[in-house]
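1. Got a sequence here, can you model it:
(2 chains)
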Amino acid sequence: MIIASNVSKQFGKLKALDNVSVTCRKGECIALIGPNGSGKTTLIKSILGMVVPDSGFITFNEKNILHDWKYREQIGYMPQIGRYPDNMTIGHVLEMMKDIRSKTLSIDEDLIKAFKLNDLMHKRMRTLSGGTTQKVSAALAFLFNPSVLILDEPTAGLDPVASEIFKDKITSEKQKGKLVLITSHVLSDLDDLITQVIYMQDGQLRFHKTIEELRNDTGEEKLAKAIANVMIKN
Amino acid sequence: MKKIIKYVMTDILRNRIVLAYTVFLLITSFSVFSLEDNNSKGLLSFLNVILIVVPLVSIIFSTIYVYNSTEFIELLVSQPLKRKSIWLSLFTGLSSSLALAFFIGAGIPILLYQTNAIGFMMIGIGILLSIVFVAIAMLAAVQTRDKAKGIGIAILLWLYFSLLFDGLVLFLLFQFADYPLEKPMIAMSALNPIDLGRILILLQLDVSAMMGYTGAIFKDFFGTYIGGIFSFTVLLLWIGVPIFFSTRKFNRKDL
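-> So this is what the prediction gives:
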C-alpha cells in the first residue's frame, strides 16, 4: 500500500532520513522503533506529505504522493504532540474536521464515546491537559474510518484505562484489514499488537522483520528485550 | 476551500484587535470629518491617517495571525486538502476580514460625508492597500519559522514602504536635480503601493494644483484612462506577485 523508495531528507547538517526504503502492505501492523532523533517522525511526516523528501519518492496505492493530496482521505493521523487552534472548543474541532472531510460517509465515533469526550465538547483546546489533547487526536485519527492509521507515540500521556481502550481499538481495526503504523517507546504496549518491526537509527533503516523473525533471531520472547538486545549489538 | 475561508473569517472577525481597529477608524474618521468645515479638507487629513495606519495594521496583524495559526495549518496539511488551497484560503480570509474592517471603519463615514468619485477612490485604495499588505505579510511570514524574526521583517517592510522609500526618492531627486526626473518618477511610484495610492487620491483633490511641474506630469499620466489602468494593474501586481511567491514557498515547506 505504501512504498517508500530511497527517501532522503536533510535538515541543515542533520541527515534525518538516509536512503530509506520501506514497503507496507494491507493488514499489517508495523511498529517503527528507534532511539530519539532516529528519523521516525520525519518518515511519518514524509508519508503524510508534511515533509517533502530531498530525493527518493513515496507511493500510496501505486501513485506518487508528490503534488497529490487526495490520498490523505484514506489516512488517519495522530501526531506526537497534537496542536490545535487555541480558542476552538473540542466540539468545534470535531465539527470542522467533519466539515472538511464531508465526503466520508461512515463516521466512527467509538473513541469519542469511549473516552467520554462528549462531556468536554465545550472546553477550549488551550485549557485541555496533555492527555485529553491526545484523546482528541486519537478520536480524530479514527473518526473517518481510514484504511491506513498512522499513530505517532499514541500511548504517551494516556492514562492506563484510556491506553487499554485505545489498544483494543487498534486491535479491532487491524482485524478489519487496515494498515497500522505505530511509533512508540513504550514497547510493552506494542507486544500483542504488532506483526512487523521496523528499526531505525541515525536516519537509516536498520531492519524490517516480522515479529516472529525478530524473536527467533534474538531468542527473546518480549519485544522490549528483543529490541534492547538489538540496540546493544549495534 | 470555502469551508476553510469560513473558519478563518469567523476566527478573525471575533478577534479583539480587528474590532479595535474598526472602532479606531470609525472614531478618527468621524472626528476628522466633524473637525473640518470643508469635507474635502477632512478627506485630506484622513488620507494621511489611512496611508499610515492601514498598511501597518494589515501587515503586522497578518504576520502575527499566520504565526499563531501554525497549529491550525499543521492540522489542515495532514488532511486531504491541497496546500495551495489552504494558503489561498488563509489569504482570502485575512484580506476579506481586514477589507471589511476598513470598509466599516472608514468606508461608511466616507460615504456619509463624501459621496463622490474621490470618496469611492479612497475606499477602493484603502481596500486594495489592505489586501496588498496582507499579501506582503504572508510572504514575510512564510520565509522564516522564527516568529520574532518574521514580525521584525514585517515591521521593516512597513517602515521601508511608509518612510524609507520617500527618503530614498528625495535623495535621488536631490542627487539628480539637474536632470528631468518627472517621467522616471512615475516609474518610481510603481515601486511603492502606498505612494501610488497617495498620488491617485491627491490627483483627485484640488491640492494637486500645488504639486508643481511634477504634479502636472503626474496629472497628465495618472489622470488619463491608461494611467488609471496602469496604476490599478500595478496595485493588483503588488497583490499577485507576493502571493504567487509565498504560495510557491509554502508548497515546498516542511511542517
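
2. sec struct for residue A:15, please.
-> Using DSSP: H, G, I helix; E, B strand; the rest coil as the criterion, the local structure at residue A:15 reads strand.

3. So for it, what's the pLDDT?
-> According to the predicted model, the pLDDT of residue A:15 comes to 88.

4. and the closest residue to it other than its chain neighbours, what pLDDT?
-> Ranked by C-beta to C-beta, 6 or more residues apart in numbering or on different chains and with sequence neighbours excluded, the top spatial neighbour of residue A:15 is residue A:203, at 4.7 Å. The C-beta positions use only the backbone N, C-alpha and C, and glycine is treated the same way. pLDDT, the model's per-residue confidence, is 88 for residue A:203.

5. Residue A:203 touches residue A:38, doesn't it?
-> Yes: Residue A:203 lies in contact with residue A:38 (C-beta atoms under 8 Å); the separation is 6.8 Å.

6. Contact residues of chain B facing chain A?
-> If contact is defined as C-beta under 8 Å from any C-beta of the partner chain, the residues of chain B in contact with chain A are B:3-4, B:7, B:11, B:68-72, B:74-83, B:252, B:254-255.

7. Is the residue nearest the centre of chain A part of a helix or strand, or is it coil?
-> The C-alpha lying nearest the average C-alpha coordinate of chain A belongs to residue A:151 (C-alpha atoms, centre = their mean; 1.9 Å). Under the three-state scheme (three-state DSSP), the conformation of residue A:151 reads as strand.

8. Grab the CA positions of the helix-or-strand element of chain B with minimal mean pLDDT and hand them over as CSV.
-> The helix or strand with the lowest mean pLDDT-type score in chain B, counting by mean pLDDT, DSSP states H and E, is helix B:212-222 (a mean of 75). In CSV, the C-alpha atoms belonging to helix B:212-222 read as follows (Å, rounded to 0.1, in the frame of the first residue of the first chain):
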residue,chain,number,x,y,z
GLY,B,212,4.2,72.0,-9.4
TYR,B,213,5.6,70.6,-12.6
THR,B,214,5.9,67.0,-11.4
GLY,B,215,2.2,67.2,-10.3
ALA,B,216,1.3,68.4,-13.8
ILE,B,217,3.2,65.5,-15.4
PHE,B,218,1.5,63.1,-12.9
LYS,B,219,-1.8,64.5,-13.7
ASP,B,220,-1.1,64.1,-17.3
PHE,B,221,-0.3,60.5,-16.9
PHE,B,222,-2.4,59.2,-13.9
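
9. so where's the longest helix in chain B?
-> Longest helix in chain B, counting residues (DSSP state H): helix B:39-68.

10. ok, now chain A?
-> Taking DSSP H as the criterion, chain A has its longest helix at helix A:160-175.

11. Would you mark the buried spots in it?
-> Within helix A:160-175, the residues that qualify as buried are A:162, A:163, A:165, A:166, A:167, A:169, A:170, A:173, A:174, counting by 16 or more other C-beta atoms under 10 Å in any protein chain shown.

12. Check stretch B:57-70 too.
-> Of the residues in stretch B:57-70, those buried under the neighbour-count criterion (16+ other C-beta under 10 Å) are B:57, B:58, B:59, B:60, B:61, B:62, B:63, B:64, B:65, B:66, B:67, B:69.

13. what comes into contact with that stretch?
-> A:83, A:85-86, B:8, B:12, B:17-18, B:21, B:90, B:94, B:98, B:129-134, B:136-138, B:140-142, B:147, B:150-151, B:153-155, B:157-158 (C-beta atoms under 8 Å, 6 or more residues apart in numbering or on different chains).
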